[in-house]
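J.: only geometry, no sequence info:
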Ligand code: GLN
């Protein structure tokens, strides 16, 4: 079976473990570098990206993860996990010492946190999603204080978009433009990195995890071929 780790410093770890196991994979929580050595790919769950950033560094996982990502290690980030994979955060939180939150990076995107604002802070919708194994109906997507992707680099493939207000919320939701909705990017892939703004693990949608497993299997095949 494919061995998948779920970063377990904070966030909705169990749901991802269940989905991977229901697909026949072997899933385990990752809290220390040695646990990272035992897996072939990693899921970074939803949660709170500022906390996740701090804990990932405190647990000495940030540097080994950055190294692996540079090396082509497959990682799937959902919601806060997408933020962790982004090269740039449009609106990072800043701690009391004035240090902005950090990311692992690797995905050439600019994300905006909590981008859908108050009115649509949490919402559900059905989305067309490119690259789904076996195709099938739209993905039912749950967004919870989700980020959107504001910019993508050339290496990044857009997999899904959703209609949203034309501007991100201003401070405290005041000053949002009333112009019509525009399509916002909510799922991307770049090489072995996959990210969604939404949470497929909570709806019984397994195809995104299936896609991730195929990315890991492909990487495994390439590695064996290189030996
Ligand atoms: N708003 C959270 C953040 O900025 C992400 C929310 C989520 O993962 N559901 O990290």
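T.: Thanks, I have the structure now. Treat the numbers as computed from the prediction; the structure is a model and nothing was measured.
J.: just checking, what packs against the lengthiest helix in the chain?
T.: Secondary structure assigned by DSSP state H gives helix 207-226 as the longest helix of the chain. In this structure, helix 207-226 makes packing contacts with strand 3-7, helix 13-22, strand 41-44, strand 75-78, strand 193-196, judged by 3 or more C-beta pairs under 8 Å, 6 or more residues apart in numbering; DSSP states H and E. The C-beta positions use only the backbone N, C-alpha and C, and glycine is treated the same way.
J.: if you average pLDDT over that helix, what comes out?
T.: The pLDDT scores in helix 207-226 average 90.
J.: Flag every buried residue along it.
T.: Taking 16 or more other C-beta atoms under 10 Å as the neighbour-count basis, helix 207-226 is seen to contain the buried residues 207-213, 215-216, 219.
J.: Kindly calculate the angle that the lowest-mean-pLDDT helix or strand in the chain makes with helix 13-22.
T.: Taking mean pLDDT, DSSP states H and E as the measure, helix 207-226 is the helix or strand of the chain with the lowest mean score, a mean of 90. Using axes from the mean of the first three to the mean of the last three C-alpha atoms, to 10 degrees, one finds that helix 207-226 and helix 13-22 are set 60 degrees apart in direction.
J.: what ranges do the helices span in the chain?
T.: Going by DSSP H, the chain shows helices at 13-22, 33-37, 49-58, 62-70, 80-85, 207-226.
J.: Return the residues in contact with the residue positioned nearest the centre of the chain.
T.: Centrality entry for the chain: nearest residue to the mean C-alpha point is residue 77, 2.2 Å, by C-alpha atoms, centre = their mean. With contact taken as C-beta atoms under 8 Å, 6 or more residues apart in numbering, residue 77 is in contact with 43-44, 83-85, 107, 193-196.
J.: check contacts around residue 158.
T.: Contacts of residue 158 were listed using C-beta under 8 Å, 6+ apart, and they are 130, 149, 152, 185, 187-188.
J.: One more pass at 6 Å, please.
T.: Neighbour list for residue 158: 185, 188 [criterion: C-beta atoms under 6 Å, 6 or more residues apart in numbering].
J.: which residues does it bridge with?
T.: In this structure, residue 158 has the following beta-bridge partners (DSSP bridges): residue 188.
J.: Near the ligand, which residues of this structure? Just list them.
T.: Selection of the chain residues close to the ligand by C-beta under 6 Å from any ligand atom yields 46-49, 79-80, 83, 113-114, 144-145.
J.: Could I have the ChimeraX command that selects the buried members from those?
T.: Buried subset of the residues of the chain next to the ligand, written as a ChimeraX selection, criterion 16+ other C-beta under 10 Å:
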select :46,47,48,49,79,80,83,113,144
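J.: any chance of the residues of the chain next to the ligand in JSON lines, with pLDDT and distance to residue 164 too?
T.: As requested, those are exported to JSON lines (pLDDT from 0 to 100; distance: C-beta to C-beta, whole Å):
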{"residue": "46", "pLDDT": "96", "distance to residue 164": "18"}
{"residue": "47", "pLDDT": "96", "distance to residue 164": "22"}
{"residue": "48", "pLDDT": "97", "distance to residue 164": "21"}
{"residue": "49", "pLDDT": "97", "distance to residue 164": "19"}
{"residue": "79", "pLDDT": "97", "distance to residue 164": "15"}
{"residue": "80", "pLDDT": "98", "distance to residue 164": "19"}
{"residue": "83", "pLDDT": "98", "distance to residue 164": "17"}
{"residue": "113", "pLDDT": "96", "distance to residue 164": "14"}
{"residue": "114", "pLDDT": "93", "distance to residue 164": "12"}
{"residue": "144", "pLDDT": "95", "distance to residue 164": "15"}
{"residue": "145", "pLDDT": "95", "distance to residue 164": "14"}
